[in-house]
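Peer 1: sharing a model that was predicted from the sequence below.
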Amino acid sequence: MNGSPIPPRPMAAAAGASDLAAPEAARRLAAHRRARWRSSLLVLASQIALLAAFLAFWEYMTAFDRQAAFMFGSPSAIAGFLLTMAQDGSLWRDTYVTGLETLLGFLVGNVVGTLIGLSLWYSRFVSRVIEPFVIALGSIPIIALAPIIIIWFGTGLTSKIAMSTLSVVIVALVTSYKGAIGVDEDQINLMRTLGASKFQIFRKLVVPASLTDIFAGFKLTVGFALIGAIVGEFMSSSEGLGHAIFKAGSLYIIPKVFAALVATIALALLLTFIVGKIEKRLMPWRRLG
C-alpha cells in the first residue's frame with residue numbers, strides 16, 4: 001500500500017534454491033563417476049602390467065634352463081597347448097563339462113544351504129541343537145567323501161554334482177545364518193510394535209538384510225563348487241578340466257597341466273563375474289559405494 005517492495009515468498013525461494021542445487025548435484029555425481037572410471041582403468045592397467053611382468057620373468061627363467069622348463073613349463077608352451085586344445089575342441093568340451101557340474105552344484109548347494117540357514121532364524125533353540133553337527137560336517141575334507149559319493153551316485157555327472165554341492169552347502173548355510181541373526185534387533189522390535197507377524201519380519205526385514213552376507217557367501221562358494229567338481233573328476237571321469245589336469249600330470253606334461261589350470265581360473269572368474277552382476281541387479285544400493 002505504501003509502495004514498499006513485496007518480499008519474496010519462502011516457497012518460491014526454496015524452489016529457486018532447489019533448481020540451483022539440482023545441476024550442482026548432477027555435476028558432482030558425474031565427477032564422481034568419472035573418478036571411479038579413472039580409478040578402475042588405473043587398477044586394470046596395473047593388473048595387466050603386473051601379469052605381463054610375471055609372465056616375462058617366467059619365460060626368461062625357463063628359456064635357458066631345460067630342467068626349469070620341464071618342472072615349471074613356460075608361458076609360450078602353455079599358450080601352445082591352449083591353442084592346440086582349442087583347435088581340437090577338447091578345451092571347450094572339458095570346460096563345458098566342468099562348468100555344468102560347477103554351476104549345478106553351486107545352485108543346488110546354495111539354494112539348500114541358504115534356505116536352511118535363513119530358516120534357523122526362526123528358532124535359536126534348533127540352531128543351537130544342530131550347531132555341532134554343522135561344524136562336524138563342515139570339518140570333513142571333501143576328498144574324503146569322494147569314494148562314498150562315487151559308490152552312491154556312480155561315476156557319471158551326478159556324482160560330480162553331488163561333490164560340488166557338498167562343497168558348497170555348509171558354507172552357504174553358515175553365511176546365510178550369520179546374516180539372519182545379525183539383523184538389528186531394534187528394527188525387529190519396531191516391526192513387532194507395528195503389528196508385523198514373524199513371517200512378515202522374516203520376509204521384509206531379515207531376508208533383505210541378509211543379502212549382503214548371502215552374496216558374499218555366493219562369491220566364496222563359486223571356488224568351492226569348482227573344487228568339488230575338479231576333485232570328483234580326479235577320482236573318476238573321462239572328460240572335464242579335472243580329468244585333463246590329472247591325465248596331463250600323470251604323463252608329466254606340465255605345460256598342459258597349467259593350460260588346463262588357466263581354463264579353470266577363467267571359468268572361476270566368469271562365474272564370479274556373473275554372481276557380481278546378479279548382486280548389483282538385486283542390490284542396486286551397493287553401486288553407490
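Peer 2: Received, thanks. Numbering: from 1, shown residues only.
Peer 1: quick one, helices of this structure?
Peer 2: Listed in chain order, the helices of the chain (DSSP state H) span 10-63, 66-72, 75-88, 90-119, 124-138, 142-153, 157-181, 185-193, 198-201, 207-235, 241-250, 254-282.
Peer 1: from the contact counts, what lies against the shortest one?
Peer 2: Based on contacts counted as 3 or more Cβ pairs under 8 Å, 6 or more residues apart in numbering; DSSP states H and E, the elements that helix 198-201 packs against are helix 185-193. No exception for glycine: its C-beta is placed from N, CA and C like everyone else's.
Peer 1: same check, this time on the third one
Peer 2: Identification of packing neighbours for helix 75-88 by 3+ Cβ pairs under 8 Å, 6+ apart yields helix 10-63, helix 90-119, helix 254-282.
Peer 1: same check, this time on the first one
Peer 2: Packed against helix 10-63, as judged by 3+ Cβ pairs under 8 Å, 6+ apart, are the following elements: helix 66-72, helix 75-88.
Peer 1: which residues does Ala146 contact?
Peer 2: Taking Cβ atoms under 8 Å, 6 or more residues apart in numbering, we find Ala146 in contact with Met163, Val231, Gly232, Phe234, Met235.
Peer 1: and if you look at Tyr96?
Peer 2: Going by Cβ under 8 Å, 6+ apart, the list of residues near Tyr96 is empty.
Peer 1: from Leu91, how far off is Lys219?
Peer 2: 25 Å (Cβ to Cβ, to the nearest Å).
Peer 1: I misspoke; the intended subject was Leu137.
Peer 2: 35 Å.
Peer 1: for Ala172, same thing?
Peer 2: On the measure of Cβ to Cβ, Ala172 and Leu91 end up 30 Å apart.
Peer 1: looking at the two, which has the bigger crowd around it?
Peer 2: Ala172 (26 against 21; other Cβ atoms under 10 Å).
Peer 1: before we move on, the earlier item: possible to save the contacts of Ala146 as TSV with distance to Leu107 and neighbour count?
Peer 2: Putting the contacts of Ala146 into TSV (distance: Cβ to Cβ, whole Å; neighbours: other Cβ atoms under 10 Å) gives the following:
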residue	distance to Leu107	neighbour count
Met163	14	29
Val231	18	20
Gly232	16	34
Phe234	22	17
Met235	22	17
